[in-house]
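Participant: give me coordinates for this.
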Amino acid sequence: MGDVRWLHPGDRLLSTDPLTWSFRDLCQAAAMLDTDERMVAHLTDHASRPEVRKRLRVLLRLIDDEGEAAPFSQVSRRLLTTMVQD
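Facilitator: Alright, predicted model coming up:
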């Protein structure tokens, strides 16, 4: 019998366009940025599109409004900030 490989929760998201994601999916993806290089590459690639950057800006604004209570690491916040730059 071979090794059992559990799929990462974000695998489904990696095969889809972030514009089709629910807000919950977008939050999940953002929370994974500090642990999943594939998600960083996926979101960075899609962030070249203005409409995706707009969604990421809204999320980042909400995270900033929550402050330290928001369940996002400093790494995730920094990566999101970089992605939303024009």
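
Participant: residue nearest the middle of the chain, spatially speaking?
Facilitator: Ala30 (2.8 Å; C-alpha atoms, centre = their mean).

Participant: list the residues that contact it.
Facilitator: Leu43, Leu56, Leu59, Ile63, Phe72, Ser76, Leu80 (C-beta atoms under 8 Å, 6 or more residues apart in numbering). Using the backbone N, CA and C atoms, a C-beta is placed for each residue, glycine as well.

Participant: out of those, which sit inside helices?
Facilitator: Within those, residues falling in helices by DSSP state H are Leu43, Leu56, Leu59, Ile63, Ser76, Leu80.

Participant: how about these in CSV, adding neighbour count?
Facilitator: Formatted as CSV, those follow (neighbours: other C-beta atoms under 10 Å):
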residue, neighbour count
Leu43, 23
Leu56, 22
Leu59, 18
Ile63, 20
Ser76, 22
Leu80, 20
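
Participant: among the residues you listed, which one sits closest to Thr35?
Facilitator: Nearest to Thr35 among the ones in helices among the contacts of Ala30, counting by C-beta to C-beta, is Ser76 at 9.0 Å.
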